[in-house]
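Asks: Make a model of this:
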Amino acid sequence: MIRSIAVSALFVLATLATVPANASPTDDVRGAMMRFAGLSSWQMSFGSGARSGTMDFVKPDNMHMQSSGMEMVRVSKTTYMKMGSGAKWMKIPDTKGAGPTDIADRVRKMAKQANGVTATDLGMKTVDGESLHAYRMKQSDGTESTVYIARDGYVHRIVGKGNGDGSDNTIRFSKFNQVAPIRAPI
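Replies: Below is the predicted model:
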């Protein structure tokens, strides 16, 4: 009796883990975007090979990016940059609209636009060894991408079309609320 209850409970838990949390795929994607926008920090990695990089974001306005020999740190409204190893840091003028808060605000705005995003459930997929729920997302401007949401409720991956060369652009998210504070390099 206890064994059958335990097996039934495991079956229910496994079933619930694969069922969308909300009433529709669009609500699932919107909910994951809202949870993401509420994070205090995260890491984003993008590209492949020589055209790859990582960005660490810490709210309210801090960012550290490394890509192809270039490194950039933004602390509040001050940005520092260096090109290549051994290069010296340069302080550059504010780049309006490029900070982590601006990016989070865009995600939050997109999530709140009820008619701006629609999604289709593509089911569970295993990507790089991780079990993710895939959704085909279409924005009101016709832009399409595939959004992968993990059991933690966060978007872990977004795959969109490349720059007209037939390739896919993949953005991966990790280290949710786990990125260390970002400090000015000079």
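
Asks: Going by C-alpha atoms from here, please, whenever you check contacts or count neighbours.
Replies: Fine.

Asks: do you know how far the residue nearest the centre of the chain is from Val147?
Replies: By Cα atoms, centre = their mean, the mean C-alpha position of the chain lies nearest to Phe173, the distance being 4.1 Å. From Phe173 across to Val147, the span is 11 Å (Cα to Cα, to the nearest Å).

Asks: which neighbours do those two share?
Replies: The contact sets of Phe173 and Val147 overlap at Val155, His156, Arg157 (Cα atoms under 8 Å, 6 or more residues apart in numbering).

Asks: Buried only: go through those residues for me.
Replies: With neighbours counted by 16 or more other Cα atoms under 10 Å, those contain buried members at Val155, His156, Arg157.

Asks: Just the ones of these in strands?
Replies: Judged by DSSP state E, these include Val155, His156, Arg157 as members of strands.

Asks: where in this structure is pLDDT low?
Replies: Of all residues in the chain, those with pLDDT under 70 make up the ranges 1-22, 95-115, 162-167.

Asks: number of nearby residues for the closest residue to Ser131 other than its chain neighbours?
Replies: Once flanking residues are discounted, Ser131 sits nearest to Lys125: 5.8 Å by Cα to Cα, 6 or more residues apart in numbering. Close neighbours of Lys125, defined as other Cα atoms under 10 Å, add up to 14.

Asks: ok so, going back, so the residue nearest to the centre of the chain bridges to which residues?
Replies: Legend: beta-bridge partners of Phe173 under DSSP bridges are Met44.

Asks: Numbering from 36 from now on, please.
Replies: Sounds good: first residue 36 from here, last item Phe208.

Asks: residue contacts, it?
Replies: Counting by Cα under 8 Å, 6+ apart, Phe208 has contacts Trp77, Gln78, Met79, Ser80, Val190, His191, Arg192.
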